[in-house]
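Chemist: Need a 3D model of the sequence below.
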Amino acid sequence: MTDAKDARAARLKAALRENLRRRKAQGRGRTESEPAPDADQTRGNEPDSGGPDSDKSRL
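Modeler: Residues are numbered from 1 along each chain as shown. I've put the predicted structure just below:
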């Protein structure tokens, strides 16, 4: 029984390691392709009035 648990633990460990590696690569790809935060000045600082919580202040 412990051999089966050890094999499962090893598979899970390898899967988690591969998932982490994939997520790190994905994050690096996002930061390289996204423009700088101050590059998009079209929206300004206006609040989002179309969000799901937009009507909570009008109870």
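Chemist: what about this structure, any weak spots by pLDDT?
Modeler: The model of the chain has pLDDT under 70 over residues 34-59.
Chemist: what about the helices in it?
Modeler: 2-33 (DSSP state H).
Chemist: Tell me, how many residues neighbour residue 23?
Modeler: 10 (other CB atoms under 10 Å). Placement of C-beta: from N, CA and C, glycine included.
Chemist: which residues does it contact?
Modeler: Listed by CB atoms under 8 Å, 6 or more residues apart in numbering, residue 23 has no contact partners.
Chemist: For residue 19, see how far away residue 7 is.
Modeler: Separation of residue 7 from residue 19 (CB to CB, to the nearest Å): 19 Å.
Chemist: Correction: the previous question concerned residue 32.
Modeler: Per CB to CB, residue 32 is found 21 Å from residue 19.
Chemist: Compare the two and say which is more crowded by neighbours.
Modeler: Legend: neighbour count by other CB under 10 Å for residue 32 and residue 19, higher for residue 19 (10 against 7).
Chemist: which residues does the more buried one contact?
Modeler: For residue 19, no contacting residues are found, by CB under 8 Å, 6+ apart.
Chemist: do the same with residue 1
Modeler: Contacts of residue 1 by CB under 8 Å, 6+ apart: none found.
Chemist: Next, count neighbours for residue 15.
Modeler: Using other CB under 10 Å, residue 15 has 10 other residues around it.
Chemist: And for residue 5?
Modeler: Residue 5 has 9 neighbours, counted by other CB under 10 Å.
Chemist: any idea how far it is from residue 12?
Modeler: Taking CB to CB, one finds residue 5 at 10 Å from residue 12.
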